[in-house]
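**Student:** the following block contains a protein sequence and its predicted model.
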Amino acid sequence: MQIRMHSLLILLIVTVLVTDLPFYCGSIIQFTSVAEAQDPPRRRRRGRPRPTPPPTPEPEKKEEVPEDEDAEYFAVVGAIIHTVTGPVVRGGTVLCKNGKIISIGTDIDVPDEAQKIDADGFHLYPGLVAFRSSGLIGSGDPQKSQDPFALGTVMGLAAGITSTWNGSRVGKLVRGGLDGLTIRKQAFPSITYTSRNPGAARELRQALEKVQEHLRALERHAEEKKENPEAKAPDDKWIRGTFATARNLLTGEAVALTRVSTINDLRLVCNLSRRFGFELLIEGAEEAWIDPGLIARTGASVILTPRIRRDADKDRNQKSGSSIENASILYEHGIPIAIRPRGTAIALWGLAGRDLGHLPMEAAFAVRGGLPEAAAIEAITIEPARILGVADRIGSIEVGKDADFIITDGDLLSYLTHVRWAVVNGKIQYDKMEEGLLDHIRPGGDEVPEPPDDHWPRRLGDPL
Amino acid sequence: MTNPARKLLYPVGTLLMVVLAALVADPLEARDNPERVTVIRASRVITGTGEILTPGEVVIDEGKITLVGSQLDVPENARIIDATGQTLMAGMILAQTRHGLKGLTRNGTNCDWSPMTQLVEDEMPWQDFLESGFVAVALVPSGSGFPGHSVVIFTAPESTDRVIKDGAYLPLNGNSSTALHSTISRSFDSARGEIEKVDKAREKWEKEQEEAKKKAEEEAKKEGDEKKEDPKKEEPKEFKPPEMKPSLVPLVKILQEQEEALPIIYEVRTPGLMLHFDEAISSVKELKERDPFDIFILPGARNGAFHEVVERLGERSATVLIPPRLSALPDTYIRYSVPVALSRAGCTIISLPLNDDAASMRALPGMLSELVRYGLSEEDAIASVTLHPAKLLGLDDRMGTVEAGKEPHFVLFDKDPLVPGARVMKTIIGGEVVWDREDQ
Amino acid sequence: MRTLSLVFLFVLLASLVVVETAGAGETIVFRVGKVVTMDDEDRVINNALVVVEDGKIAAIGRSRDLEIPAGARVIDRRELWLVPGLVECHNHTGGGSSDLHDYIYLTNPGLRTLESIVPDNPEMERARAGGVTTILTIPGSGNNMSGFGTILKTAGGTVEEAVLKAPGSLKIAQAGNPERYFYGVGRSFMNFNTRQTLRKARDYHLARTAWEEGKLQEEPPKDLHWEEFRPLFRREIVASVHTQIYQVLMTTVKMVAGEFGIRTVLDHSTFDAWKVAPLIKEDETIYTINGPRQIFYDRTQRRIMGNAARWWQAGIRKLGVNTDAPVVPQEELFYQATMACYYGWTPYEALRGVTRIPAEALMLDHRLGSIKVGLDADFCLWTGDPIDPRSSVEMAVIDGKITYEASKKRVF
């Protein structure tokens, strides 16, 4: 019986390999563990809580603060607090202790020794999270490479960005010191799986197949070992390079990052992700709006630039090209989206508004395409934080999270709004009026010279 | 007097001086006759102790300054070095240079490496140091990481006693913060490894000793029962610690807080690196609780950016080696003098030439005058090339000021050294004129 | 019978076409929430009607004051703002691709962008979707005089239908780009060269004028090369001058506008060029159209300056912005104003700077740039403040024709 079971198994595997049929072994054989390995796991809908269960309004949860001599308190009083994951608190207080938010609400006792910002009339948002950047924090481990006096960091803070990913670490924009710079190590293996590079695509597919086979062999080995402790483990010395990447993806240790534009390439890579059951992060995705269901079914997250231009391919009798509605269509299909501008540095040579110097404006373009404003703000705060695996620390204003936020003189998505203060780890890292770079622009905050009566509503949505 | 007339007078004057010098101050005679003292007569003497003597004389006897004063009675047989019209101050000390050194750079941790191995006596450009007024220089080997230790030498072209101090400080170079972190952690880890190696060996030795002792006692008991003779007492073997890697010994000394431990001097290229240096040092567990190293080299490039760390450096009364250059605040055209700001904040300033070459060395006094214009006191400006480097190198009991008891190393300028255009006229080491503009 | 049915069919089709394109003879009434007229009184009319007849604006007024003409087609979008079509003074994409850089000599003014216009190119559709209804498409700035530009509407169609004015301007480039390209000449030679060319052109123009007025006996020989320049000296067209940096701008103002009396539009006018404001204020006909750079990092005071805001603070009121498309995509003309506002300008003035001011700069304010009776019916319906990237163009109307409708296909 035993032998027959084995031969059946081998036969099945050979069949699968030769015919390349979609094959769900789990339904045939009763070895649950093996079945799990063979069945491409159904993409679990990534836990995207929308609408997010509003965290119980924290004001009630007043923390009895025991007297603590060394504690550093920091409080912002009177601001309109946009928590992002919860309700908006008007005229509220955010109290922080030793770099963490300890309470949010309208009725909070602020210790006398706390450093206080009177932010009456200002808005408070979580610090913006730039999915990808260069020149804002050091390369590699910021703790060891950040120039704490770099102008790029100041510019990033002035733009409201308090955290970013530099390709290997998620780090914070901290000036004049080296404390609390790095949040975590984060690397996304980059995969290329497009029709334009069939060689690389074949190599990756074969690597995934081979490693998948290896993983099954490991499962079998584990079973075998129960009966025969001396069973030989399958050789894994060959798992290097592409194979190692493939293993990380298949075991779920890593999320694959891919830069794809066209719908055809999106289909290819999404199908690959679904066939092998690995998680996918798509950057670009200019034509994703054509088949958002595909991305949703794959469970992929998308990093996109709403304003990107990609001409339609007139030679093809199908939809193609970029769409300003991309962000909103993907959002409606429940796909987690983060927004990045085209440029990932901050340039001072003249062309303004096309890089990280104006991340909220890029989000405003997504609103132009139909994305709700709240979702646009999520796409530059909590969503990139989730994608980067740091949502437990940053990305929203919640008790227990890091005290990283920006205080603006207006609605974040408005073009007249400047960051007045940027706070990281409970310390003021940027103060517009102290810094000098932009202090000459509307020093009185968000005010425009009085227009003639009935002439010029200042804001979109003001009554006509 | 018109310029041509002045020009005509120079050759005549020079000739006269040479003759006079030959007649009056025959150095051979002076050496032959130890009774004779040497007297330098200058129009001004900047003592460096707060006094300026006009005119001034310095009396030298038996290789030491014995008297500094104005219009002194000079013994008749004294050898006179006449520097009338000139200003005398303590010989200048260059606290860091690689000028003239030969050979390749060494990267990594090589604390035992000496720049003297890179020095070819006959090919050294002594002239470059002397014509700029430097009597002593601290040579450092080149390379990244810990390239070696510095050696202070005299700059006299011929010297039997070239080395003043072998091992004055440990230079540390690292232009990228990542490299800096890894250099420091790796080097001190290795040094700790050496200490542990010795400790282990000692433990082993102690154990052996104890066992040997026990054995001996037991045997003695046995033997004592049998014979009452003197037991053959084995001499306890002396502990021979295993040899430490010489390249790590200076770091071991730092870890063990030994008296003769050398300070680390980090060459900070950007202000951010200073923070990384502190961070890296404090991540070495033995050094975490200690006072931070407080001597830095701030080389010329980009130094306006250092305004960011002026306060920090001031708070710890740091010693800063820096070219006296005016620069701009970073990314601006706003003028700023880092050395002056540092000095005001409470740092000790040591001036370095802008570049490590002859032209920059010659230009140094002129650049000091710029510092004075931007607010540094004249005293501090002079001390930044005399007393302060002497203190840094642990030589302030021997040089750095013009006072009785110190060694007679001087530089003479044709006018006040802080007047733009002042030129070095004579450089004197050990009471001997080793360079004279009039010989050139 | 068959003929009759054919005729009937024809009439039916024709009427359909007319309705679709809202062509000549039809009256359309736009009922909107707000009209930003950009007229002389800076009127903003809430709950307004704009009546369009024969491609021109026939009436404007509050809906309660104005009667809807009988038989008019009413477009009722009370949630939208009606804003004059945006006017671009500095564009290079009228030909779609980068076909507009012909560098033959340091001055080859005989070249015309007119020959390379592709009215239906995709850039035009995007321009409409960004609210831009008129562009001046000019040759590049690789040489000192690269040719004559063309003013066209972005509605597409044939060249004849699209072109509003050709030649529309003479492109002059001072310093910057011509220095960087392959001629290897410096600033003094370039200005010498430009001046020589303009002198010869002016001499020719004066001689011909004298002859035409009968002041000269003998007819000066006709030269087609110099003939092109005559509208320039008659001040019928403008010079679009690629000029930036204080020193270069001074030369522009003194030479082109002063010495030769040419109507000058200062394109770019970036970096510290605003220092020239006192000179410019003397001549009301000089227009400053700033862009594509919107900011300047002033190292003397460590401040980021908004160029437009600096010009405005310096007292310049004939101020607009441009994109230099494709440097900044044409549809983002409004966004240049957005950035100008972020860095210190004011929204209303910025909107004027992309509508009425560039229309005046191109001497077309009698046809474009504001909502006035008698002007071309070039306007767009926006979901709100056009300077705000969140607002979008829902409908673009050029010459009374609806040329873009987001509800059918949203482009931007």
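**Tutor:** Sure, I can see it.

**Student:** from now on I want contacts and neighbour counts done on CA atoms only, so please keep to that.
**Tutor:** OK.

**Student:** how close does A:Arg312 get to C:Ile398?
**Tutor:** I think there's a mix-up here, since residue A:312 is Ala and not Arg. 24 Å (CA to CA, to the nearest Å).

**Student:** and stretch A:328-344, anywhere near chain C?
**Tutor:** No. Judged by CA under 8 Å from any CA of the partner chain, stretch A:328-344 and chain C are separated, with a smallest distance of 12.5 Å.

**Student:** give me the distance between the two termini of that stretch.
**Tutor:** OK, stretch A:328-344 end separation, CA to CA: 22 Å.

**Student:** A:Val129 and A:Thr162 touch, don't they?
**Tutor:** Yes. If you go by CA atoms under 8 Å, A:Val129 and A:Thr162 touch, sitting 6.3 Å apart.

**Student:** neighbour count for A:Ala312 and C:Ile398, which is higher?
**Tutor:** Higher neighbour count among A:Ala312 and C:Ile398: C:Ile398, with 24 against 15, using other CA atoms under 10 Å in any protein chain shown.

**Student:** and the closest residue to the more buried one other than its chain neighbours, its phi and psi?
**Tutor:** Residue nearest to C:Ile398 in three dimensions, not counting chain neighbours: C:Asp378, with 4.3 Å by CA to CA, 6 or more residues apart in numbering or on different chains. Taking degrees, to the nearest 10, you get phi -110, psi 100 for the backbone angles of C:Asp378.

**Student:** and B:Met274, how far from chain A?
**Tutor:** 10 Å (CA to the nearest CA, to the nearest Å).

**Student:** next, the contact list for that residue, please.
**Tutor:** B:Val268 (CA atoms under 8 Å, 6 or more residues apart in numbering or on different chains).

**Student:** helix or strand for it, which one?
**Tutor:** Per DSSP states H and E, B:Met274 falls inside helix B:271-282.

**Student:** quick check: which ranges of chain A have low pLDDT?
**Tutor:** Low-confidence regions of chain A, defined by pLDDT under 70, span residues A:1-68, A:446-464.

**Student:** center of it - which residue?
**Tutor:** Geometric centre of chain A, nearest residue: A:Pro384, 1.9 Å, by CA atoms, centre = their mean.

**Student:** what packs against the host helix or strand of it?
**Tutor:** In this structure, A:Pro384 sits in helix A:382-387 according to DSSP H and E. Helices and strands touching helix A:382-387, by 3 or more CA pairs under 8 Å, 6 or more residues apart in numbering or on different chains; DSSP states H and E, are strand A:128-130, strand A:337-339.

**Student:** and those as CSV, adding distance to A:Gly86 and mean neighbour count?
**Tutor:** CSV is the format used below for those (distance: least, CA to CA, whole Å; neighbours: other CA atoms under 10 Å in any protein chain shown):
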stretch, distance to A:Gly86, mean neighbour count
strand A:128-130, 16, 30
strand A:337-339, 19, 28
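
**Student:** enumerate the residues of chain C near chain A.
**Tutor:** Residues of chain C lying near chain A (CA under 8 Å from any CA): C:33-34, C:42-46, C:292-297, C:302-305, C:338-339, C:341-344, C:346-348, C:384-385, C:388-392, C:410-412.

**Student:** near chain B, which of those show up?
**Tutor:** C:Arg302.

**Student:** quick one: buried ones out of the residues of chain C next to chain A?
**Tutor:** Neighbour-count burial (16 or more other CA atoms under 10 Å in any protein chain shown) applied to these gives C:33-34, C:43-46, C:292-297, C:302-305, C:338-339, C:341-344, C:346-348, C:384-385, C:388-392, C:410-412.

**Student:** where does the stretch 301-440 of chain B dip in pLDDT?
**Tutor:** B:301-302.

**Student:** can you show me the strands along it?
**Tutor:** Applying DSSP state E, counting those that start in this stretch to the stretch 301-440 of chain B gives strands spanning B:319-322, B:327-328, B:335-336, B:348-351, B:410-413, B:424-429, B:432-436.

**Student:** okay, those strands in CSV with distance to C:Val373 and mean neighbour count next?
**Tutor:** CSV is the format used below for these (distance: least, CA to CA, whole Å; neighbours: other CA under 10 Å):
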stretch, distance to C:Val373, mean neighbour count
strand B:319-322, 73, 25
strand B:327-328, 58, 19
strand B:335-336, 58, 16
strand B:348-351, 76, 27
strand B:410-413, 87, 26
strand B:424-429, 86, 26
strand B:432-436, 93, 18
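
**Student:** export these to JSON lines and tack on distance to chain A?
**Tutor:** Listed next are the strands of the stretch 301-440 of chain B as JSON lines, based on distance: least, CA to the nearest CA, whole Å:
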{"stretch": "strand B:319-322", "distance to chain A": "19"}
{"stretch": "strand B:327-328", "distance to chain A": "15"}
{"stretch": "strand B:335-336", "distance to chain A": "16"}
{"stretch": "strand B:348-351", "distance to chain A": "23"}
{"stretch": "strand B:410-413", "distance to chain A": "41"}
{"stretch": "strand B:424-429", "distance to chain A": "40"}
{"stretch": "strand B:432-436", "distance to chain A": "46"}
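
**Student:** in the longest helix seen in chain C, what's buried?
**Tutor:** In chain C, taking DSSP state H as the definition, the longest helix is helix C:187-212. Within helix C:187-212, the residues that count as buried by 16+ other CA under 10 Å are C:190-191, C:193-195, C:197-198, C:201-202, C:204-205, C:207-208.

**Student:** that helix packs against which elements?
**Tutor:** helix C:224-227, helix C:230-233.

**Student:** and those, which one averages the lowest pLDDT?
**Tutor:** Among the helices and strands packed on helix C:187-212, helix C:224-227 has the lowest mean pLDDT, at a mean of 90.

**Student:** for B:Val320, list each beta-bridge partner.
**Tutor:** Assessed by DSSP bridges, B:Val320 has beta-bridge partners B:Phe296, B:Ile349.

**Student:** could you check how far it is from B:Glu370?
**Tutor:** 18 Å.

**Student:** circling back to that earlier point, export the buried residues of helix C:187-212 as a markdown table, with columns for pLDDT and distance to B:Thr348.
**Tutor:** What follows is the buried residues of helix C:187-212, written out as a markdown table (pLDDT from 0 to 100; distance: CA to CA, whole Å):
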| residue | pLDDT | distance to B:Thr348 |
| --- | --- | --- |
| C:Met190 | 90 | 55 |
| C:Asn191 | 90 | 55 |
| C:Asn193 | 90 | 59 |
| C:Thr194 | 93 | 59 |
| C:Arg195 | 94 | 60 |
| C:Thr197 | 94 | 65 |
| C:Leu198 | 96 | 65 |
| C:Ala201 | 96 | 70 |
| C:Arg202 | 96 | 70 |
| C:Tyr204 | 96 | 74 |
| C:His205 | 96 | 74 |
| C:Ala207 | 96 | 78 |
| C:Arg208 | 96 | 79 |
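
**Student:** domain map for the chain?
**Tutor:** You didn't say which chain, so I picked chain A. A:2-38, A:54-61+A:68-127+A:397-458, A:128-188+A:255-394 (automatic domain parsing).

**Student:** if you could check chain C rather than the one you did, that'd help
**Tutor:** C:22-84+C:370-412, C:86-368.

**Student:** of the ones you listed, which is nearest B:Gly56?
**Tutor:** Evaluated with CA to CA, those place domain C:86-368 nearest to B:Gly56, the distance being 47.9 Å.

**Student:** the closest one: how far from the chain's middle?
**Tutor:** 10 Å (CA atoms, centre = their mean, to the nearest Å).

**Student:** SS state for A:Ala422?
**Tutor:** strand (DSSP: H, G, I helix; E, B strand; the rest coil).

**Student:** ignoring the adjacent residues along the chain, who's closest to it?
**Tutor:** Using CA to CA, 6+ apart, the nearest residue to A:Ala422 is A:Ile406, at 4.4 Å.

**Student:** ok, which of the helices and strands packed on helix A:382-387 comes nearest chain B?
**Tutor:** strand A:128-130 (23.0 Å; CA to the nearest CA).
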